[in-house]
Structure formats: structure tokens, C-alpha cells
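[1] The following block contains a protein sequence and its predicted model.
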Amino acid sequence: MVVTGTGTGVGKTVVTAALAAAAAAQGHTVAVLKPAQTGVCADEPGDVAEVVRLTRGTAHGVELARFPDPLAPATAARRAGLPPVGPEQAAHAARELARTHDLVLVEGAGGLLVHLDDRGGTVADVAGLLGAPVLVVAAAGLGTLNATALTAEALRARGLECAGVVVGSLPESPGLAERCNLTDLPTVCGAPLRGVLPQGAAEMEDFSGRAPGWLAPQLYGSWHAPYAPRAAYDEPVSAGGVRPA
């Protein structure tokens, strides 16, 4: 499965870790592949290290390349004078991991169409080469409907399967926009809401134990939306209310 976001800072890495933890809790062996890590120096922990930390080592992490500038992978590789990681290399690494793991999660960089190399290869191309479904991680607040709908439309245009949408960070006291978006996201995207992570999930104790309660059964969890179809418009939904059924 490929994990992408509607942009940077939406919680993609934490959602990837939650998915890995939930699958591991059901006895599956899990590998997380990061084709290109940007914005991190050689001696600093990156996204893969964060996933391994959050899953307490139950997920095997692999990073193919890293570039210090916090830019799109193709641009960061060019500025560093290093070879980029193209879709073919990423897909090959994922297939190799799939030989020894039940589930391989490929975490992209930024959004779906961010360039991985100077030929214009993207995370969408990685998903296409693998024939893998794509999970979309979205923000909770104002503006997320358009960004998420555009990502879902880009997936459909390329004949790629959308595995659903997960909200990466819901505030403890969500405002009107956040509450309404929980209801509206599936409608505007044509894809189901498969989970909601509370704000600050990465700092919570027992992350691995809590993770299944944030994700739907289709993502190895036990989460179900704790509101009626239109209740988000009328009743506050707190992060604490996102719980297993």
C-alpha cells in the first residue's frame, strides 16, 4: 500500500506508523519503505526512524536515499548533486520487501504528484508500477475538501485504487469546519473515511496499543465513525470520541 498526503505536515508519517502498528498487532510482518527522505541531515532521524520508534520496532524500516534540503525529492537530489530515486527503483525495493513481509507500506514525500526525479516520476507512478492501492492522509480543517478531492481525482484519472482517506490530526476541540469535514470528506472525494488520528498522537503513551482504535477494520483497526451521517454538523466530535466501536 502506498501512503500519500494532500500536502506536507498532514500527519502522513504518523498515520503510516499507526497502520503498521495495527497490522503488526494482528500478527502481520510489516515493512515501511521511504524512497526519498528530504530535509534531514545524515546524522538526524528521519520518517523511517519515527515509524520504528512509534511501533516499538515491530515495523522494519528502509530508507533508500536522503537529501538535506527540505524540498521536493527531485529538486533536493539535484541540489545535493546526488542521484534521485525514481519510481522504478522504489517499486523494485517494495517488491523485494514483499518477499519477506506480509505488508509493505510505501510512504511518499509531500503529495501524490511531487516529482521524485527529473523525468517527472511521482508517487502515483510507484503505485501504478506496483498495482498498489493508495491511502490518502488529509488535514482536518478548512481547505482540506478541495485538496483531498483533487488527490482522489488524480488517482481516478490514473486508474489507481484509493484505499480511503484518513484524517491525520483532529484537534481535541474541533471547530465547525473540522466537524463538518468528517462528514463531507467521503462525499467530495468519492472514497470512504477510514480513520481519524487525534492531534498529538505521536506523543501519546502506548501509541501501538492505541493505533487500532484510530483506524477502520479495512486498515487492521476497529474504528467506526462515532456519529450519525449528519451529526458532525450539530454535535462536537472530540478526538477522545474517536474510539473503537
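    Happy to help now that I have it.
[2] List the buried residues for stretch 197-217?
    Of the residues in stretch 197-217, 197-199, 201-202, 207-208, 210-216 count as buried by neighbour count, 16 or more other C-beta atoms under 10 Å. For glycine as for every other residue, the C-beta is placed from the backbone atoms N, C-alpha and C.
[3] Equivalent analysis for stretch 81-97, please.
    Pro84, Val85, Gly86, Pro87, Gln89, Ala90, Ala91, Ala93, Ala94, Leu97.
[4] Is the residue nearest to Pro192 when sequence neighbours are not counted bridged to anything, and to what?
    Spatial nearest neighbour of Pro192, excluding adjacent residues (C-beta to C-beta, 6 or more residues apart in numbering): Gly164 at 4.7 Å. Under DSSP bridges, the beta-bridge partners of Gly164 are Leu135.
[5] Narrow the buried residues of stretch 197-217 to those in strands?
    Judged by DSSP state E, the buried residues of stretch 197-217 include Leu197, Pro198 as members of strands.
[6] Now tabulate the buried residues of stretch 197-217 in a markdown table and tack on pLDDT.
    Listed next are those as a markdown table, based on pLDDT from 0 to 100:
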| residue | pLDDT |
| --- | --- |
| Leu197 | 97 |
| Pro198 | 97 |
| Gln199 | 96 |
| Ala201 | 96 |
| Ala202 | 96 |
| Phe207 | 97 |
| Ser208 | 96 |
| Arg210 | 97 |
| Ala211 | 98 |
| Pro212 | 97 |
| Gly213 | 96 |
| Trp214 | 97 |
| Leu215 | 97 |
| Ala216 | 96 |
